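*Asks:* The sequence and its predicted three-dimensional model are supplied below.
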Amino acid sequence: MPLSDEQKLEYELYQKEVERHDPSDLLQFSANYFNKRLEQQRQFMKNQEAFAMSKGITLFGKPSRSESVVAASSSLGGKGCGEKDVLFKSPFADQDPHSTHENENLSSERSSQSGSGVGLFKGDFKVGMEGSKRVKSPLDPHSGNSGDSRRRGNVNHQPLPLNFNAGRRTSVSGETFQPNNFDDWTPSHYSEKSEEQLKRLAKSIGRNFLFNKLDDDNKRLVINSLEEKSVKKGTEIIKQGDEGDYFYVVEEGTVNYLVDNKLVNSSGAGTSFGELALMYNSPRVATVVAATDCILWALDRITFRKILLGSSFKKRLMYDELLKSIPILQSLTTYDRAKLADALDTEFYEPGQVIVHEGDVGENFYLIEYGECEVSKKGQGVVAQLKSHDYFGEVALLNDLPRQATVTAKTKTKVATLGKSGFQRLLGPVVDVLKLNDPTRKGHDTK
Ligand SMILES: Nc1ncnc2c1ncn2[C@@H]1O[C@@H]2COP(=O)(O)O[C@H]2[C@H]1O
């Protein structure tokens, strides 16, 4: 049976750690490594449950005896366990390391099926796991992150948060995302919302993709942490260069975005803004002004980072390092990169696997995260070699032509893919560079 993306990720992280440390005693190293991973995951869940309980939210129910039996048979590989048999059991109640993954999966389902949320949204988000992820080395708290990601299609089989640290970039983090820090945190502005407010929030926030990715419990935490703000037309809500304090969702009205006093964008009800400074601990990149009277919902920095950054924005953080390291994308702004990251997906290829076939219709643009690929053309053989941080697939999309060459993975390869519409919409600022480099115009370099 092929590995799931989640298993691939875990395996890949492990492999990278082995390569990085080159241990003389591999078994001892591996035992330490996986113990540490297990500890991290359990600690995070304990803290999350403790916090949720302090707010009257039950994340993981206690198993009944009969449920324990179901769980035991399930963790022993029992098949035919229908949905109604799923055990909603605290994943750290069982200290048998062999049952960990079973527990994670079950708990994840519990989380997504929880009926305790406010019932405003229909997201199928599994706590802290969507899109791709980046996990800090558990063996070295000061090490850089090793990036990774998984395909969208598999979200339903995602275990609970193996990596709450996902996306953390040690160089930019203001607040630590160590799971055990969760203990000290309570949202700065926590108030149960009235029925009337909930109805309005269902409309405005329900339209915002960031919130649809949260499970019911996290949605409830976020909703109750939101502060309502009415602003008059002309009010400066955010000033370029300032430090980030709040993230905003627009319930009513329109806001204008200005960079260096030039209008660059406008948005209305259901949209959000102010996330970049909070994500990257960087100054505000734009000034935001109310173009009409507005009703906004503001979420404080810490709650944003604790909840949304671990889920809705994980994909951005995970792709940010890759996008920053790709030479042709150097001209993109933080905002352009964030939008591009939202549109990317991840694919893995094994050595010898064809990624793009000459003559096919072009659907995607590819960025190589790691691996080596070979470009070949009928009648000419191999015409180019590609390596990590190179790109391909642009010619068909730029010129509306069939694929001009075949690209084959030479080693295990991980690519970020961008669909045709995203390519046209998001790569505007680099199209000229892509055209200049177009191999059908000037011949592809053989590296
Ligand atoms: N074209 C744009 N360039 C930069 N920021 C933008 C743009 N459009 C919307 N924004 C938002 O404006 C916000 C200003 O504060 P932040 O830098 O925190 O996050 C920024 C984005 O959310």
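*Replies:* Here it is on my side, so go on. For clarity, every value in this text was computed on a predicted model and none was experimentally measured.

*Asks:* Stretch 341-356 near the ligand anywhere?
*Replies:* No. Contact of stretch 341-356 with the ligand is not found when judged by Cβ under 6 Å from any ligand atom; the minimum separation is 12.1 Å. Quick note: C-beta positions are derived from backbone N, CA and C, even for glycine.

*Asks:* So which residues on the chain come close to the ligand?
*Replies:* 238, 244, 257, 259, 264-265, 273-277, 284-286, 288, 335.

*Asks:* Out of those, which is nearest to I328?
*Replies:* Y335 (17.7 Å; Cβ to Cβ).

*Asks:* Could you look up the SS state of that closest one?
*Replies:* Per DSSP: H, G, I helix; E, B strand; the rest coil, the local secondary structure of Y335 is helix.

*Asks:* can I assume V222 is in contact with K213?
*Replies:* No. Taking contacts as Cβ atoms under 8 Å, V222 lies outside contact range of K213: 11.0 Å.

*Asks:* Of the residues of the chain next to the ligand, which belong to strands?
*Replies:* I238, Y257, V259, V264, N265, F273, V288 (DSSP state E).

*Asks:* filter the residues you listed to the buried ones?
*Replies:* I238, Y257, F273, V288 (16 or more other Cβ atoms under 10 Å).

*Asks:* Out of these, which two sit at the greatest distance?
*Replies:* I238 and Y257 (8.9 Å).

*Asks:* Need the overlap of contacts for the two.
*Replies:* Common neighbours of I238 and Y257 (criterion: Cβ atoms under 8 Å, 6 or more residues apart in numbering): F273, A286, T287, V288.

*Asks:* excluding its backbone neighbours, what's nearest the last one?
*Replies:* With sequence-adjacent residues excluded and distances taken as Cβ to Cβ, 6 or more residues apart in numbering, V288 is closest to I238, at 4.1 Å.

*Asks:* ok, now how distant is the one you found from P283?
*Replies:* Using Cβ to Cβ, to the nearest Å, I238 is found at 10 Å from P283.

*Asks:* now do N399
*Replies:* 40 Å.

*Asks:* for N437, same thing?
*Replies:* Applying Cβ to Cβ to N437 and P283 gives a distance of 33 Å.

*Asks:* who has more neighbours, these two?
*Replies:* N437 (17 against 13; other Cβ atoms under 10 Å).

*Asks:* Contact partners for the more buried one?
*Replies:* I328.

*Asks:* Phi, psi for the residue nearest to V361 when sequence neighbours are not counted please.
*Replies:* Take V361 and drop its neighbours on the chain: the residue closest to it by Cβ to Cβ, 6+ apart is P402, 6.2 Å away. Per-residue torsions, P402: phi -70, psi 170 (degrees, to the nearest 10).

*Asks:* likewise the one 3 residues further on?
*Replies:* Dihedral angles phi and psi of A405 (degrees, to the nearest 10) take the values phi -160, psi 170.

*Asks:* so what's it up against?
*Replies:* Counted by Cβ under 8 Å, 6+ apart, A405 has contacts V356, E358, V375, S376, K377, V383, A384, H444.

*Asks:* does S325 really touch Y391, like I thought?
*Replies:* No. With contact defined as Cβ under 8 Å, S325 does not reach Y391; the gap is 11.8 Å.

*Asks:* between those two, who's got more neighbours?
*Replies:* Y391 (20 against 13).

*Asks:* do you know how far the residue nearest to the more buried one when sequence neighbours are not counted is from the ligand?
*Replies:* Leaving aside its sequence neighbours, Y391 sits nearest to L367 (Cβ to Cβ, 6+ apart; 5.0 Å). Distance from L367 to the ligand, counting by Cβ to the nearest ligand atom, to the nearest Å: 22 Å.

*Asks:* is it true that L367 lies in a strand?
*Replies:* Yes. Read with three-state DSSP, L367 is one of the residues of a strand.

*Asks:* Tell me the bridge partners for it.
*Replies:* Y391, A416 (DSSP bridges).

*Asks:* ok, back up a step: just name the closest of the buried ones among the ones in strands among the residues of the chain next to the ligand to S24, please.
*Replies:* Closest to S24, out of all of these and judged by Cβ to Cβ, is F273, at 51.8 Å.

*Asks:* what's the distance between the closest one and N281?
*Replies:* 17 Å.

*Asks:* Quick check: Y280 touching T334?
*Replies:* Yes. Applying Cβ under 8 Å, one finds Y280 in contact with T334, separated by 6.7 Å.

*Asks:* if we can go back for a sec, which one of the buried ones among the ones in strands among the residues of the chain next to the ligand is nearest E350?
*Replies:* F273 (41.4 Å).

*Asks:* Which parts of the stretch 151-300 of the chain are helices?
*Replies:* Remark: helices assigned in the stretch 151-300 of the chain by DSSP state H, counting those that start in this stretch are 195-204, 209-212, 216-225, 275-280.

*Asks:* Take those helices and write them to JSON lines, including mean neighbour count and mean pLDDT.
*Replies:* Shown next, in JSON lines, are the helices of the stretch 151-300 of the chain (neighbours: other Cβ atoms under 10 Å; pLDDT from 0 to 100):
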{"stretch": "helix 195-204", "mean neighbour count": "15", "mean pLDDT": "82"}
{"stretch": "helix 209-212", "mean neighbour count": "18", "mean pLDDT": "75"}
{"stretch": "helix 216-225", "mean neighbour count": "23", "mean pLDDT": "85"}
{"stretch": "helix 275-280", "mean neighbour count": "22", "mean pLDDT": "92"}
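
*Asks:* Using the record's domain definitions, break the protein down for me.
*Replies:* Per the TED database, the structural domains of the chain span 195-307, 326-441.

*Asks:* For R284, which residues are in contact?
*Replies:* By Cβ under 8 Å, 6+ apart, the contact list for R284 reads I238, K239, Q240, G241, D242, E243, G244, G274, L276, A277.
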